[in-house]
Structures are given as C-alpha cells and as structure tokens.
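Trainee: sequence plus the predicted model coming up.
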Amino acid sequence: MIETQSKEKSQARLMLNKVPEVTALFWVIKIMATTVGETAADFLNEKLNLGLTGTTVVMVIALLAALGFQFRVRRYIPSIYWLVVVLISIVGTLITDSLVDNFHISLWTTTAIFAVGMFTSFGIWFAVEKTLSIHAITTTRREFFYWTSILFTFALGTAAGDLIAEKLALGYWRSGLLFAGLIGLVAIGRFVFKANEVAAFWIAYVLTRPLGASIGDFLTAPKADGGLAIPTNVITALFLITILAIVSYFTKQQRNSAQSVSLDELEQPVS
C-alpha cells in the first residue's frame, strides 16, 4: 500500500513538470522567439514613443503578468510557457539596450555582468537543488531558478551578440554563422561524444540567443550596415505567426496525448 502511494505521488510530481520536452521544434521556436525578442524590442521602442526606459517598464510589467499565470498553472501549458519566453526575450534585449544606450555601459562590461549573473544563478540553483536539469522543474522554487537563469541567458546573449557583431565588426550574418557553428559543435559533443546532457542543453540555450539576435539584426538592419533592411514589424509579425502555429501544434499534441492517457486508463481492467 505504501509502495503504491509512493509510486502515485512520484507520477504526480512528474506530471507537474513545467518545461516542454526538448525536441527539434523546441529549438526552432526558441531561436524564433529570440529573433522576435530583438526585432520586437526595436519595433516597440520606435513605435510606442515611450523611449527606451518607458518601453522597458511596459514590457517588464507584461512579463511579470505572464509569469504570474505561468507560476499559477500546475503543468506545462504551451501558450503560457512560450508567451513568457517571447516576453523574456524582449525584456532581456531592452535591459541590455538600456544599460548601453541610457547608462553608457560598454558591451564588454554588460557581457561580463550578465555572464557573472548567469553563472551565479546557476551556482545558487545547483547548491540548493543539486540539479540543473530541466526535466525536474516540479516546484515553485525550481521554476523561480529556471526563469531567473533564462533571463540572464537572454540578456547575456544580447550583449555578447552585439559585442561580436558590432564592436568586433564581425557583422550580423558572420556572427550568425559563428553561433550556429558553435551550436553544431555542442550537438556533436552531446550526440557523438556523449557529453553531459544538462551542460550541453544550457550551453546551446545560451548560444541560441545571440544566434537569433544576429538573424534579427541581419534581416532588419539597413543595407549600409550589412542588413537586408526588412521592416522590424514585418519580421516580428512573420515570426510571431510561425511561433503561434508551432504553439498550436504543441497544444494539439498535448491534448491528444492527454486523451490517449485517459482512454488507456478507461481500458484497464478493474482489480
């Protein structure tokens, strides 16, 4: 009896995991969300006429509201989860831009600050929970560590991406190729040489941010600056529509999975 109750409690905890399964589509939507973070931040800053600080405040409020919903639900809900990812991507970009443009802190310094913040967040998370695995986000405390770390990864990725593309004059498309190549090396390390799964995930997660930012900058920057000069609202809309389509697929997939589990339970003989 005790063993059965323990097994049921264990299954309940697993059902409460708040993070999606890491698949190819996970990485596709993650990169697109980071691109939207770059283009939407630029678009909102230009069109809202609130200034960089005002736009940042508005988006932080929106992010906090979305996080409120995310923390209240008891399982992974695709629409809520990916809304938070898109908003945290935008906020991460705006925070970096605010430090550089409003406070005149160099990209070298902001990159270092966010790197320290990210590693500190990971360090505290591991010291408290003894794991950084995203397969075990089953408590509010772990979810707090998770989203805090993600905010630092987005801010760091924005600062590092701008540093390499602009200050080091590598250019947007070359920067994109650089970060894509680094992600490829991480994938080889993980799947060929069996590198640590958790470490590989977080390294790739950090690298997708500057990759997405480089893509966004390349698509929207003026041609004189090496970009394609596509309006930020066009790229933002196209990517958001694609993200919405993938999230709808995730939602349908989750619903079908839940229905399948329910049918299996109904078909089990009564003991």
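Mentor: Nice, thanks for sending it over.
Trainee: show me what contacts Pro197?
Mentor: Slight slip there: residue 197 is Glu, not Pro. Ser133, Arg190 (Cβ atoms under 8 Å, 6 or more residues apart in numbering). (Glycine included, C-beta is placed from N, CA and C.)
Trainee: make 896 the starting number, not 1.
Mentor: Sure thing, new numbering starts at 896, so read that last one as Glu1092.
Trainee: ok, it to Ile1110 distance?
Mentor: 26 Å (Cβ to Cβ, to the nearest Å).
Trainee: who are the contact partners of Leu947?
Mentor: Contacts of Leu947 (Cβ under 8 Å, 6+ apart): Asn940, Leu989, Asp992, Ser993, Asp996, Asn997.
Trainee: try Leu1002
Mentor: So Leu1002 contacts Val995, Ala1054, Asp1057, Leu1058, Glu1061, Lys1062 (Cβ under 8 Å, 6+ apart).
Trainee: return a ChimeraX selection command for the buried portion of these.
Mentor: Here is the ChimeraX command that selects the buried residues among those (16 or more other Cβ atoms under 10 Å):
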select :995,1054,1057,1058,1061
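Trainee: kindly reformat the contacts of Leu1002 as JSON lines containing secondary structure.
Mentor: Conversion of the contacts of Leu1002 to JSON lines gives the following (DSSP: H, G, I helix; E, B strand; the rest coil):
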{"residue": "Val995", "secondary structure": "helix"}
{"residue": "Ala1054", "secondary structure": "helix"}
{"residue": "Asp1057", "secondary structure": "helix"}
{"residue": "Leu1058", "secondary structure": "helix"}
{"residue": "Glu1061", "secondary structure": "helix"}
{"residue": "Lys1062", "secondary structure": "helix"}
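Trainee: ok, the contacts of Leu1002 vs Leu1133, which is closest?
Mentor: Nearest to Leu1133 among those: Asp1057, at 22.6 Å, using Cβ to Cβ.
Trainee: possible to save the contacts of Leu947 as JSON lines with secondary structure, neighbour count and distance to Asp1120?
Mentor: Putting the contacts of Leu947 into JSON lines (DSSP: H, G, I helix; E, B strand; the rest coil; neighbours: other Cβ atoms under 10 Å; distance: Cβ to Cβ, whole Å) gives the following:
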{"residue": "Asn940", "secondary structure": "helix", "neighbour count": "23", "distance to Asp1120": "17"}
{"residue": "Leu989", "secondary structure": "helix", "neighbour count": "26", "distance to Asp1120": "20"}
{"residue": "Asp992", "secondary structure": "helix", "neighbour count": "21", "distance to Asp1120": "16"}
{"residue": "Ser993", "secondary structure": "helix", "neighbour count": "19", "distance to Asp1120": "21"}
{"residue": "Asp996", "secondary structure": "helix", "neighbour count": "13", "distance to Asp1120": "16"}
{"residue": "Asn997", "secondary structure": "coil", "neighbour count": "12", "distance to Asp1120": "22"}
